[in-house]
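**Q** need a structure here:
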Amino acid sequence: MSKLTEPDILEQLKKIDTPTITNVVATYPDNPLCLGLYNPWTENWYTDQTIKCMYPDLGPVVGYAVTCVFGLTDPNFSRLTWLDVLDVLEASPKPTVLVFQQKFPPELVGKVGLAGEVMTTGMQAMGCVGAVSNGPSRDIDAIRSMKFQYLLSGVTAGHGPTAVHAVNVPVSVGGMDVSPGEIVHMDENGACKFPAESIEAVLANAEAMLESEKIMTTAMKNARAAAELRTILEGHTYAKGDDKN
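**A** Okay, here's the model as predicted:
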């Protein structure tokens, strides 16, 4: 069998749910299929409950991270614009996921409907398939038909003057720290990231984990006593006293 190319691997990863990806990236460090890329609790490698999926029906989305930071206009710094973000999206390996951190004053963080139909059209034209942000955006109805995924804190209808503060720098969005070029995988459960050099191992282990879980859950569905379930789950983290997840 010929070796899969990176685009092939990314296409295959789109067939897998994000929780399964987290399972092999770091969630179960004692599982032989877990790569243990991060300490699952102390490192910020997946989004928290503040981030919500706008289009659950789209299914999983995966791409190379491009990052930027937005905030209020600054009279002392006006060097960067949205066009610089589009330039980086164009130069990046495809597909991309834009991870944009919003740094606004506390009284404004819930009112910035930042990325709308026009910005999204530009992103999509440059090969971007989704975006993750720690703030709200808008035009959710118009973007729906574009098949472009958004993970946001929520939605709001408007905003005032904003500015690009940085492009392709490390950012923190909804509990997830992302550097440019990392892989971001997301679906209705949230998003997670992992190093691009690990994509082949992540895919192989995720496929193997899905197969093992299918065998286990099929046996569980046929069980008729707790003793049977105990036997099926023997050795699994579910049967260990220090892990009830």
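**Q** ranges for the strands of this structure?
**A** 52-53, 61-71, 96-103, 128-133, 149-152, 163-167, 171-173, 176-178, 183-187, 190-194 (DSSP state E).
**Q** out of those, nearest to Phe77?
**A** Comparing the strands of the chain by their distance to Phe77 (CB to CB), the top pick is strand 163-167, with 7.2 Å. Heads up, the C-betas are built off the backbone N, CA and C, glycines and all.
**Q** Return the residues in contact with the residue nearest to the spatial centre of the chain.
**A** In the chain, the centroid-proximal residue (CA atoms, centre = their mean) is Ala191; its distance is 2.6 Å. Neighbour list for Ala191: 18, 46-47, 51, 132, 151, 174, 176, 184-185 [criterion: CB atoms under 8 Å, 6 or more residues apart in numbering].
**Q** For it, which non-adjacent residue is closest in space?
**A** Thr47 (4.7 Å; CB to CB, 6 or more residues apart in numbering).
**Q** ok, Thr47 - contacts?
**A** Applying CB under 8 Å, 6+ apart to Thr47 gives the contacts 132, 151, 173-176, 186, 190-192.
**Q** try 6 Å
**A** Contact partners of Thr47, counting by CB atoms under 6 Å, 6 or more residues apart in numbering, are 174-176, 190-191.
**Q** and which of those residues is nearest Tyr38?
**A** Here the nearest of the contacts of Thr47 to Tyr38, counting by CB to CB, is Met176; it sits at 10.9 Å.
**Q** From Asn23, how far out is that closest one?
**A** Note on Met176: its distance to Asn23, by CB to CB, to the nearest Å, is 16 Å.
**Q** which one of the two has more residues nearby?
**A** The neighbour comparison of Met176 against Asn23 (other CB atoms under 10 Å) goes to Met176, with 25 against 22.
**Q** Enumerate every residue touching the more buried one.
**A** 44, 46-47.
**Q** can you check Gly181 too?
**A** Residues near Gly181 by CB under 6 Å, 6+ apart: 64, 196.
**Q** Outline the domain layout of this structure.
**A** According to automatic domain parsing, the chain comprises the domains 6-198, 202-239.
**Q** that older thread, can I get the contacts of Met176 in a markdown table with distance to Lys111?
**A** Formatted as a markdown table, the contacts of Met176 follow (distance: CB to CB, whole Å):
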| residue | distance to Lys111 |
| --- | --- |
| Asn44 | 25 |
| Tyr46 | 27 |
| Thr47 | 21 |
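**Q** now the contacts of Thr47 in a markdown table, with pLDDT?
**A** A markdown table is the format used below for those (pLDDT from 0 to 100):
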| residue | pLDDT |
| --- | --- |
| Gly174 | 97 |
| Gly175 | 97 |
| Met176 | 98 |
| Gly190 | 98 |
| Ala191 | 98 |
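**Q** Can you show me the helices along this structure?
**A** In the chain, the helices defined using DSSP state H lie at 6-13, 18-22, 82-91, 117-125, 140-144, 199-222, 226-233.
**Q** between these, which gets nearest to Tyr64?
**A** helix 6-13 (8.7 Å).
**Q** Among the helices of the chain, show me which one is buried the most.
**A** helix 18-22 (a mean of 22; mean count of other CB atoms under 10 Å).
**Q** what's the closest of the contacts of Thr47 to Ala227?
**A** The shortest approach to Ala227 among these belongs to Gly190, at 35.6 Å (CB to CB).
**Q** How far does stretch 189-207 stretch from one end to the other?
**A** When the termini of stretch 189-207 are compared using CA to CA, to the nearest Å, they are 18 Å apart.
**Q** hang on, I meant stretch 180-193
**A** Start-to-end span of stretch 180-193 (CA to CA) is 11 Å.
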